[in-house]
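Enquirer: Provided below are the primary sequence and the corresponding predicted coordinates.
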Amino acid sequence: MDFNYSASQQKWIDRLSRFFDASVTPAKGHFDDRQDADAPWPWASPPILAELQDKAKAEGLWNLFLPPAALAHAANNFAFDTPRLTNLEYAPLAELMGRYEFSSRIFNCSPPDTGNMELLLRYGSPEQQERWLTPLMNGAIRSAFLMTEPGVASSDATNIETSIERDGDYYVINGRKWWSTGVGDANCEVLIVMGKTDPDAPTHRQQSQILVPIDTPGVKIERMLDVFGFEDQPAGHGEVILRNVRVPAENLILGEGRGFEIAQGRLGPGRIHHCMRTIGAAEQALELMSRRLSSRKAFGKMLAERSIWQERLAWARTEIDMARLITLRTAQLLDENDAKDVRADISKIKLAAPRAALNVIDNAIQAFGGAGVCNDHGLARLYAKTRTMRLVDGPDEVHARVIARAELKAYRQAN
Ligand SMILES: Cc1cc2nc3c(=O)[nH]c(=O)nc-3n(C[C@H](O)[C@H](O)[C@H](O)COP(=O)(O)OP(=O)(O)OC[C@H]3O[C@@H](n4cnc5c(N)ncnc54)[C@H](O)[C@@H]3O)c2cc1C
């Protein structure tokens with residue numbers, strides 16, 4: 001058990017840190033808010049993004065998220081640009097990206113595209129990889145994953161009601177989705193839609209996943225959703241109606257009834273990425289809090305000298321370090337095992353990291369007083385974003401259920 005970063009991890013951390021200092025941090029202002037607040041979606045990216053992406057590509061900092069286990073599934077003729085980092089090597093890089101939420105796009109490492117690319121690598125046909133994976137991995141287009149529905153409790157995916165019906169050489173899709181991240185981006189070209197191909201099949205064989213070009217007739221983005229009043233750019237989340245959407249039968253991924261299997265494989269690495277970025281957000285908040293406490297005086301003393309603030313700082317550092325260690329351990333487990341065999345470990349970090357980060361950000365807001373709850377220092381937005389992590393990719397309760405079941409099973413086996 002070695003708790004130090006390996007030489008390879010450290011090399012990548014140093015490379016990415018240098019890139020952040022030279023190119024990302026100075027560009028932050030371009031990503032803060034839309035230049036034209038009245039412009040309707042779809043939202044165009046700031047022009048500097050393409051420039052930074054070219055730079056990142058040239059420095060080999062591109063598609064860092066794809067582990068060798070996923071790449072092993074690529075069709076033979078598929079050419080890609082990636083350094084083949086393991087989940088464990090990528091994890092500290094995702095943490096760095098979490099410090100500025102916009103930054104993962106610069107390295108083609110942002111959700112939901114990362115999960116969708118891994119999905120297409122693992123389960124897409126050679127034709128689907130050629131048509132959609134190649135432009136995604138080149139950063140030429142973006143994508144969205146449409147599972148959640150407003151009409152049903154979607155944390156239990158067996159409830160999903162969208163229908164995908166076979167009609168000759170086509171499938172016809174009808175349903176209403178929401179929280180479809182990415183559909184507000186002007187570059188979003190393809191949707192992966194989950195729905196039922198056979199409502200009479202055994203529960204976990206009813207669902208399938210299918211590729212839908214966003215410009216297919218019948219796809220309508222009805223509205224964009226805010227997150228605590230923020231637009232949650234750059235990706236944006238939409239409510240999408242699918243009305244008699246007709247796509248060729250070869251757009252189905254893997255086969256009818258395989259939707260659950262695909263969903264399971266998609267979410268493992270994505271959750272590690274979310275957790276590591278969340279830890280990066282917590283580090284950002286801790287840094288802001290330390291700076292503030294070291295520069296404000298109240299009732300004759302610097303805030304940093306008060307024991308209550310020292311205790312809050314101590315817990316912030318402790319909780320961040322605990323969350324990081326457990327997440328790195330899970331990254332290693334995922335490198336060595338199938339995602340379904342380490343489900344409970346993935347659920348543990350999904351519970352631990354957002355809670356730790358929210359505690360830190362909440363205290364940072366307190367340290368800033370009134371300035372903490374407006375967005376002058378970015379804390380209101382950081383809190384809003386991080387709070388969604390207790391819902392995204394399954395709410396806390398569902399992850400707790402996974403852990404509790406594993407625990408009870410182990411107890412019963414031992415007694
Ligand atoms: C910012 C953001 C981005 C998202 N991006 C996407 C996306 O790109 N694609 C997509 O398909 N979805 C996306 N989602 C949706 C997200 O995955 C769902 O919101 C989440 O899975 C919960 O489903 P639900 O909203 O239907 O809540 P429901 O299923 O209605 O659950 C509501 C609440 O019930 C409670 N609950 C549920 N199950 C249990 C249980 N077993 N025991 C006790 N309590 C329980 C929990 O408190 C839960 O929060 C996103 C959500 C957010 C907020």
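Expert: Happy to help now that I have it.

Enquirer: how many other residues sit next to residue 209?
Expert: Residue 209 has 27 neighbours, counted by other CB atoms under 10 Å. Every C-beta, even on glycine, is put in place using the N, C-alpha and C of the backbone.

Enquirer: mind listing what it touches?
Expert: Residues in contact with residue 209 (CB atoms under 8 Å, 6 or more residues apart in numbering) are 119, 192-194, 252-254, 258-259, 262-263.

Enquirer: ok, the residues you listed vs the ligand, which is closest?
Expert: The shortest gap between the ligand and any of these belongs to residue 194, at 7.4 Å (CB to the nearest ligand atom).

Enquirer: mind checking what helix or strand follows the helix ranked longest in the chain in sequence?
Expert: Longest helix in the chain, counting residues (DSSP state H): helix 259-293. If you walk from helix 259-293 toward the C-terminus, the next helix or strand you reach (DSSP states H and E) is strand 297-298.

Enquirer: relative to the whole chain's centre, how far out is that next one?
Expert: With CA atoms, centre = their mean, to the nearest Å as the basis, the distance from the averaged C-alpha position of strand 297-298 to the chain average is 39 Å.

Enquirer: can you check stretch 47-64 too?
Expert: Between the mean C-alpha point of stretch 47-64 and the mean C-alpha point of its chain there is a distance of 19 Å (CA atoms, centre = their mean).

Enquirer: give me the residues contacting it.
Expert: 12, 15-16, 19, 23-24, 27, 30-31, 80-83, 85, 90, 93, 105-109, 117, 137, 139.

Enquirer: with stretch 279-287 instead?
Expert: Contacts made with stretch 279-287 from outside it, assessed by CB under 8 Å, 6+ apart, are listed as 94-101, 313, 316-317, 319-320, 323-324, 327, 353, 356-357, 360-361, 364, 378-379, 382, 385-386.

Enquirer: so which of those residues are in helices?
Expert: Within those, residues falling in helices by DSSP H are 94-98, 313, 316-317, 319-320, 323-324, 327, 353, 356-357, 360-361, 364, 379, 382, 385-386.

Enquirer: which of these count as buried?
Expert: Of the members of the ones in helices among the contacts of stretch 279-287, the ones counted as buried by neighbours, 16 or more other CB atoms under 10 Å, are 94-98, 313, 316, 319-320, 323-324, 327, 353, 356-357, 360-361, 364, 379, 382, 385-386.

Enquirer: which parts of the protein sit against the ligand?
Expert: Proximity of the chain to the ligand is confined to 112, 145-148, 153-155, 179-181, 227, 237, 388, 391-395, 397-398, 401 under the rule CB under 6 Å from any ligand atom.

Enquirer: in helices, which of those fall?
Expert: When DSSP H defines the helices, the subset of these inside them is 388, 397-398, 401.

Enquirer: measure the residue most central in space within the chain to residue 399 for me?
Expert: For the chain, the residue sitting closest to the mean C-alpha position, by CA atoms, centre = their mean, is residue 111 at 4.1 Å. Shown here: residue 111 relative to residue 399, a distance of 17 Å by CB to CB, to the nearest Å.

Enquirer: who touches residue 382 in this structure?
Expert: When contacts are counted by CB under 8 Å, 6+ apart, residue 382 is found next to 281, 284-285, 361.
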